[in-house]
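*Asks:* Got a predicted structure here, sequence first:
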Amino acid sequence: MKWNSILPLILGLLVAACHAPTASTSLGSLVLQVNSKAPRSILPSNLDSFGFQVQGTSVGGGALAVTNSTTGNFTLGNLVADTWTLQIDQLDSAQNVIATGKTSVVVAAGQVTNATISLTPPPGFGTLHLSASWPPSQLVDEVSGTLTSLSGSAMAVSLTVTGATADLVMSDLATGSYVLVLSPKSVGQNVAAPVTETVLIGKGKASTGAFVLSDGQFLPVYRHVTYDGNNNDGGILPIDSTSYVAGQLVSTALPGSLVKSGKVFGSWNDAKNGTGTKYSPGQNFVMPGRDVTLFAIWVDSGTIAVTVK
């Protein structure tokens, strides 16, 4: 064979070799992390997280063997440059799946691709147990709020108050993540800053949240005293513009110019019909944890004489 016939063949082989893809240019790497930007503060009490595993397939038919991690962080090298569908499972010590998540990632040739994935418990139902306590000196008659799922669906939450504690068990809650907001109240008014927590409900598991409130978390709650003439037909009602806190001493007002035809002023009373607590003008009483209305009690003329000191 002559050189003039061999040379074109050699040149063709060299050109083909220059354009042939190499293994290094068709592979990439992937750094995959479990999303921890919204950590849960109330978790199932029997949640035994042992580790994580990832597996996946590519559009071109590639497969990723199961890879384990104790932290939920994975560095996967030598992946075929392609679109990959990946699944991460969180496992307990018995290798049961307690949370799972899927994502689709494009791995670029010769590059490191970063991705995060959020995990959710398998479909099912779990239980939430809430409790709260506070110093007995604080007046709380209601602990209520909302439990809102990530989809935005909210349900009312109301704990049963007994003395200085409150308790609630919510059964058959759908698995997933929730935001809990609770407010201690007295006579419908917030008496402490709302408590906000994130909650994870696991399938067949119980999540428990216990809240211990201290005196420093309570807000000053102001109450007021209002006077009612109780069908008076003349005069001016006393006005008490003072804002009281529970436990503060209140001095009842004088009847002033209040009058009612055929009657004389007898006393103040916190019941309109006079069956409640009776207060003489100028008498002191301790402000309760609620607003107080004092009614003028009228008696027949000559029945009683009121002495105002």
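*Replies:* Everything's here; your move. In this text the structure is predicted, and so the values were computed from the model without any measurement.
*Asks:* which residues touch Ser137?
*Replies:* Under the criterion of C-beta atoms under 8 Å, 6 or more residues apart in numbering, the contact partners of Ser137 comprise Asp215. C-beta: built from backbone N, CA, C; applies to glycine.
*Asks:* swap in Gly188?
*Replies:* Contacts for Gly188 were tallied using C-beta under 8 Å, 6+ apart; they are Glu142.
*Asks:* now it: how far from Asp92?
*Replies:* Here the criterion is C-beta to C-beta, to the nearest Å. By it, Gly188 lies 44 Å from Asp92.
*Asks:* cool, and Val250?
*Replies:* Here Val250 is placed at a distance of 60 Å from Asp92 (C-beta to C-beta).
*Asks:* Those two: which has the busier surroundings?
*Replies:* Here Val250 and Asp92 are compared on neighbour count by other C-beta atoms under 10 Å; more neighbours surround Val250, at 20 against 16.
*Asks:* Give me the contact list for the helix or strand harbouring that one.
*Replies:* Using DSSP states H and E, Val250 maps to strand 249-251. Residues from elsewhere that reach strand 249-251 (C-beta under 8 Å, 6+ apart): Val225, Asp240, Thr242, Tyr244, Gly282, Gln283, Asn284, Phe285, Val286, Met287, Val292.
*Asks:* go with 7 Å
*Replies:* Outside of strand 249-251, the residues that reach it under the criterion C-beta atoms under 7 Å, 6 or more residues apart in numbering are Val225, Tyr244, Gly282, Asn284, Phe285, Val286, Met287.
*Asks:* mind giving me a markdown table with the residues you listed and columns for distance to Leu32?
*Replies:* Supplementary listing: those in a markdown table, determined by distance: C-beta to C-beta, whole Å:
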| residue | distance to Leu32 |
| --- | --- |
| Val225 | 65 |
| Tyr244 | 60 |
| Gly282 | 77 |
| Asn284 | 71 |
| Phe285 | 68 |
| Val286 | 64 |
| Met287 | 61 |
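*Asks:* Now do the same contact list for Val181.
*Replies:* Contact analysis of Val181 by C-beta under 7 Å, 6+ apart lists Gly145, Thr146, Pro194, Thr196.
*Asks:* Could you rerun that using 8 Å?
*Replies:* Counting by C-beta under 8 Å, 6+ apart, Val181 touches Gly145, Thr146, Thr148, Pro194, Val195, Thr196.
*Asks:* Of those residues, grab the buried ones for PyMOL.
*Replies:* Command for PyMOL, covering only those of the contacts of Val181 found buried under the criterion 16 or more other C-beta atoms under 10 Å:
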select buried, resi 145+148+195
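*Asks:* for the contacts of Val181, which one is nearest Gly234?
*Replies:* Looking at the contacts of Val181 and their distance to Gly234, the nearest is Pro194, at 47.4 Å (C-beta to C-beta).
*Asks:* Could you find the closest non-adjacent residue to that closest one?
*Replies:* The spatially closest residue to Pro194, leaving aside those adjacent along the chain, is Ser183, at 4.5 Å (C-beta to C-beta, 6 or more residues apart in numbering).
*Asks:* Convert the C-alpha atoms of the helix or strand that contains that neighbour to PDB, please.
*Replies:* With elements taken from DSSP H and E, the one containing Ser183 is strand 176-186. In PDB, the C-alpha atoms belonging to strand 176-186 read as follows (Å, rounded to 0.1, in the frame of the first residue of the first chain):
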ATOM      1  CA  GLY A 176     -46.900  16.600  58.300                       C
ATOM      2  CA  SER A 177     -45.600  20.000  59.600                       C
ATOM      3  CA  TYR A 178     -47.600  22.600  61.400                       C
ATOM      4  CA  VAL A 179     -47.200  26.000  63.000                       C
ATOM      5  CA  LEU A 180     -48.700  26.300  66.500                       C
ATOM      6  CA  VAL A 181     -49.600  29.600  68.100                       C
ATOM      7  CA  LEU A 182     -51.000  29.700  71.700                       C
ATOM      8  CA  SER A 183     -52.100  32.700  73.700                       C
ATOM      9  CA  PRO A 184     -52.800  32.700  77.500                       C
ATOM     10  CA  LYS A 185     -55.800  35.000  78.200                       C
ATOM     11  CA  SER A 186     -57.900  36.300  81.000                       C
END
